[in-house]
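Novice: With the sequence up front, the predicted model follows.
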Amino acid sequence: MPDKPLHPATLAAQALGWTDPSTGAVIMPIHTATTFIRDPDNQYRRGRSYGRADNPTYDQPEQLLTALEGGAGSLLFPSGMAAATAIFGSLPPQSHVIVPQVMYWALRRWLGNANLSADFVDATSLDAIAAAVRPGQTRLIWIETPANPLWSVTDIAGAAEIAHRAGALLAVDSTVATPVLTRPIELGADLVMHSATKYLNGHSDVMAGTVTTARNDEFWRRIVAERSGGGAIMGGFEAYLLLRGMRTLYLRVERACRSAETIAAALAGNPNVAAVLYPGLPNHPQHAIARRQMRGGFGGMMSIRVKSGEAAAIATAARVELWKRATSLGGVESLIEHRASIEGPDTPVPPDLLRMSVGCEDPADLLSDIEQALAAASRS
């Protein structure tokens, strides 16, 4: 690679410029070995001993993500949940943590049964985060921004200041923003987590998670040990597919951002829509914060609240033709989902809400489809 600094989009497209030194191949091989030979004196000078921690197929995607996030190291996991729980699992038992009221529902449920003391707060309010701190006890503040599925935004720099003043770490679930739009480490975060199943992979064919650290410190080494000891290991083929997806990350995210802004602005005036939740809209409550910490776009995720209520929302989802009624987000295909039905009776999600993941299709086609579905549902 050239000596001069390169744009992150170039690093991603070229996967750091890697080529196989022995064959000249421009795509990395998939390593299936589970064990590696020792030197005659019983040492491992090549740095690898067992596939659970040392699969060479991890090297390139981990190094690329570290470069994109501006961190000191990254780890791959077999799912976003595995990545998130590795962070929490590396804390001492009964540690006090602060987490958002609005966050990925599966992690929220997991925290309810974890051996931790968790306070759930309005993470859009720095005052609420600060008020929840227990001096000498709080070990971790976890934020998700934008937060699924209301797409509320947390001030990362402000949260980092609160965490560090308390002697705690700040971890950011940056799944929706991706390093294309936000680099939390530059804003003071200690750890960045992604459900790489979503935008990093981008093709709905890999379950994956990642964690990137700002420093190679003691807590990072605990997470490394947690992954190896707990067996939260990604397969070699999945690591290969993840890297393949990351090479088009900038193209996909930039397209999704442009389309989502177009669709959100149009639906804001739709007579069958009560509200559009999208950080890129000027009337979004945290729009100013989003403008400050999201560069180049506001993401491909949005939600709408259907004016006639829950039944009309479900009917709208039933009538789409291009949008796919499916869980997950961040793929090249656009998805729509009635979230309250998925999350159950304890969900904070309004029953009239539809979550929408804008993909790479033509935005005019997507808009026309959701508009006809809304109109049809309003007549039923």
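Specialist: Nice, thanks for sending it over. Residues are numbered from 1 along each chain as shown.

Novice: quick one: contacts for the residue nearest to Glu337 when sequence neighbours are not counted?
Specialist: Distances taken as Cβ to Cβ, 6 or more residues apart in numbering put Arg355 closest to Glu337, at 5.0 Å, once the chain neighbours are dropped. All C-beta spots, glycine's among them, are computed from the backbone N, C-alpha and C. By Cβ atoms under 8 Å, 6 or more residues apart in numbering, the contact list for Arg355 reads 148-149, 301, 303, 329, 336-339.

Novice: from those, which single one is nearest Gly112?
Specialist: Asn148 (17.2 Å; Cβ to Cβ).

Novice: count of residues packed around the closest residue to that closest one other than its chain neighbours?
Specialist: Counting by Cβ to Cβ, 6+ apart, Tyr104 is the residue found nearest to Asn148 once chain neighbours are left out, at 5.4 Å. The tally of other residues near Tyr104 (other Cβ atoms under 10 Å) stands at 19.

Novice: What distance do you get for Tyr104 to Ser79?
Specialist: Between Tyr104 and Ser79 the computed distance is 12 Å (Cβ to Cβ, to the nearest Å).

Novice: So for the two, which residues contact both of them?
Specialist: Ser195.

Novice: Just the pLDDT at the closest residue in space to Arg295 that isn't next to it in sequence, thanks.
Specialist: Nearest in space to Arg295, with sequence neighbours left out and distances taken as Cβ to Cβ, 6+ apart, is Leu181 at 6.2 Å. We have a pLDDT of 98 for Leu181.

Novice: I'd guessed Leu181 sits against Gly300; true?
Specialist: No: counting by Cβ atoms under 8 Å, Leu181 does not reach Gly300; the two are 9.8 Å apart.

Novice: Settle it for me: which of these two has more neighbours?
Specialist: Gly300 (31 against 23).

Novice: Can you show me the strands along the stretch 151-300 of the chain?
Specialist: Taking DSSP state E, counting those that start in this stretch as the criterion, the stretch 151-300 of the chain carries its strands at 169-173, 191-194, 209-213, 273-277.

Novice: contact partners of the shortest one?
Specialist: Contacts of strand 191-194 from elsewhere in the structure, counted by Cβ under 8 Å, 6+ apart, are 65, 69, 71, 80, 83-84, 87, 169-175, 178, 184-185, 200, 209-214.

Novice: Quick one: list the elements packing against the worst-scoring helix or strand of the chain on mean pLDDT.
Specialist: Ranked by mean pLDDT, DSSP states H and E, the weakest helix or strand in the chain is helix 51-54, scoring a mean of 83. With contacts taken as 3 or more Cβ pairs under 8 Å, 6 or more residues apart in numbering; DSSP states H and E, helix 51-54 sits against helix 218-230.

Novice: Residues touching the helix it packs on, excluding its own?
Specialist: In contact with helix 218-230 (Cβ under 8 Å, 6+ apart) are residues 52-53, 72-73, 75, 77, 86-87, 89-90, 169, 190, 211, 213, 232-233.

Novice: between the top helix by length along the chain and strand 273-277, how big is the angle?
Specialist: The longest helix of the chain (DSSP state H) is helix 249-267. Put simply, helix 249-267 runs at 150 degrees to strand 273-277, going by axes from the mean of the first three to the mean of the last three Cα atoms, to 10 degrees.

Novice: And the residue positioned nearest the centre of the chain, how close does it get to Glu261?
Specialist: Nearest residue to the geometric centre of the chain (Cα atoms, centre = their mean): Thr175, 1.1 Å. Distance of Thr175 to Glu261, given as Cβ to Cβ: 19 Å.

Novice: what's the answer for Thr23, then?
Specialist: From Thr23 to Glu261 the distance is 43 Å (Cβ to Cβ).

Novice: More neighbours: the two, which one.
Specialist: Glu261 (21 against 8).

Novice: For the residue lying closest to the more buried one once chain neighbours are set aside, which residues are in contact?
Specialist: Using Cβ to Cβ, 6+ apart and skipping residues adjacent in sequence, the residue nearest Glu261 is Gly280, 4.9 Å away. Going by Cβ under 8 Å, 6+ apart, Gly280 touches 257, 260-261, 264, 287, 290, 297-299.
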